[in-house]
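**Q** coords please:
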Amino acid sequence: MKISVIMLTYNHEKYIEKAVQSVCAQQGDFQLEIIIGDDCSTDNTAEVIDKLAAKHKEIKIFRPEKNIGMHANLKKCLSLAEGDYISMCEGDDWYISPYKLQMQMEFLEKNKDCVMCSHSYIEYNQKEDKYSTINYQQDYNGGGIYCFEQLVTEYKWTNFTTYMYRKEVINKLPEFIWELNGADYSFNMHCAVYGNLGIIKEPLSVYRAGIGQWSSLSLIKQQQDTLDFAYISKEHFHKYYNGKYDDIFDKRIEKSIKNLKRVKAKAFKNKIRRFFKIKEK
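**A** This next block holds a predicted model:
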């Protein structure tokens with residue numbers, strides 16, 4: 001059995017070595033392949049990767065001639081992957097269990113109804129130097145197994161580094177997903193059309209918060225983007241699947257509208273409190 005780990009990176013000079021070493025340290029009954037997509041980093045990321053590749057023969061590097069963006073980078077790296085299973089590791093995240101890939105592979109081998117496997121993870125807030133465990137396993141369908149409707153309506157997505165996929169399912173993905181913002185979410189939704197997502201309770205990786213684009217957004221902007229994404233996803237799914245999933249996306253849109261209103265109301269209340277505190281002074 002062969003596992004391909006896709007690692008997308010851009011200006012991760014400070015973090016990429018830790019990410020790569022955590023993947024190289026994986027143990028189990030499989031052949032490992034690491035495909036690093038360096039999207040024309042402007043720092044010393046390329047030099048760090050080259051030194052690591054010289055030491056680890058399982059590393060393959062993809063470098064486009066010019067910056068192509070996250071979606072195109074991911075698409076190309078996936079096309080290069082030769083594994084039976086495809087796993088992810090963002091260039092600023094890292095694995096914390098040497099058996100992460102083995103555990104996910106065994107889970108998918110055992111649960112044939114699942115086309116992808118995720119797990120709980122630890123979130124590292126770099127600005128505050130704090131760690132917190134994010135447990136995404138819920139008691140659905142026998143404990144930690146989610147169907148398409150649950151994934152869309154309840155937004156049960158963990159971060160990309162936690163995922164492993166069956167290669168044959170990735171080969172079925174439609175081209176238009178690469179045109180959407182949030183390619184990882186649309187990527188996962190389309191995989192879920194073909195089967196369930198299983199989530200392992202144990203945290204097996206660390207997500208570095210506050211570094212990427214999403215982490216830097218305000219709560220209101222995050223909720224607005226989530227709502228916009230739900231509308232766009234419904235439109236594309238409607239065309240591709242002839243309206244089969246419209247009702248499911250309507251539920252997601254309804255929840256997103258409520259969440260956005262709630263976050264805006266809370267922000268307004270906080271603004272009023274700050275205003276009166278200033279006046280009192």
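**Q** and residue 20, what pLDDT?
**A** Residue 20 is assigned 98 on the pLDDT scale.
**Q** starting at the chain centroid, how far to the one helix or strand it maps to?
**A** Using DSSP states H and E, the secondary-structure element containing residue 20 is helix 16-24. Centroid displacement of helix 16-24 relative to its chain, using C-alpha atoms, centre = their mean, to the nearest Å, is 17 Å.
**Q** for stretch 27-39, same thing?
**A** Remark: stretch 27-39 is offset 17 Å from the chain centroid, using C-alpha atoms, centre = their mean.
**Q** same check, this time on stretch 171-188
**A** Centroid displacement of stretch 171-188 relative to its chain, using C-alpha atoms, centre = their mean, is 12 Å.
**Q** again with stretch 262-276
**A** 31 Å.
**Q** tell me the average confidence for that stretch?
**A** Taken as a whole, stretch 262-276 carries a mean pLDDT of 76.
**Q** helices of this structure, start to end?
**A** In the chain, helices defined by DSSP state H lie at 16-24, 45-55, 69-80, 100-110, 148-154, 167-170, 183-192, 219-241, 246-280, listed in chain order.
**Q** closest to residue 89 out of those?
**A** Ranking these by distance to residue 89, with C-beta to C-beta as the measure, places helix 16-24 first at 5.5 Å. Any C-beta I mention is one placed from the backbone N, CA and C, and that applies to glycine too.
**Q** what packs against the closest one?
**A** strand 2-9, strand 31-38, helix 45-55, strand 94-95 (3 or more C-beta pairs under 8 Å, 6 or more residues apart in numbering; DSSP states H and E).
**Q** extract the C-alpha set from it and format it as CSV.
**A** Included here for helix 16-24 are C-alpha records, laid out as CSV according to Å, rounded to 0.1, in the frame of the first residue of the first chain:
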residue,chain,number,x,y,z
ILE,A,16,8.3,23.9,6.7
GLU,A,17,11.2,21.8,8.2
LYS,A,18,9.0,20.8,11.2
ALA,A,19,6.1,19.9,8.9
VAL,A,20,8.3,17.8,6.6
GLN,A,21,10.2,16.0,9.4
SER,A,22,6.8,15.1,11.1
VAL,A,23,5.7,13.4,7.9
CYS,A,24,9.1,11.7,7.3
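**Q** so which residue is dead centre in the chain?
**A** When the chain is reduced to its mean C-alpha position, the nearest residue by C-alpha atoms, centre = their mean turns out to be residue 160, at 1.8 Å.
**Q** these two touch, right, that residue and residue 121?
**A** No - assessed by C-beta atoms under 8 Å, residue 160 is found out of contact with residue 121, at 10.5 Å.
**Q** show me where the chain dips below the pLDDT cut-off.
**A** Across the chain, the ranges flagged by pLDDT under 70 are 136-143, 155-157, 181-183, 211-217, 272, 274-281.
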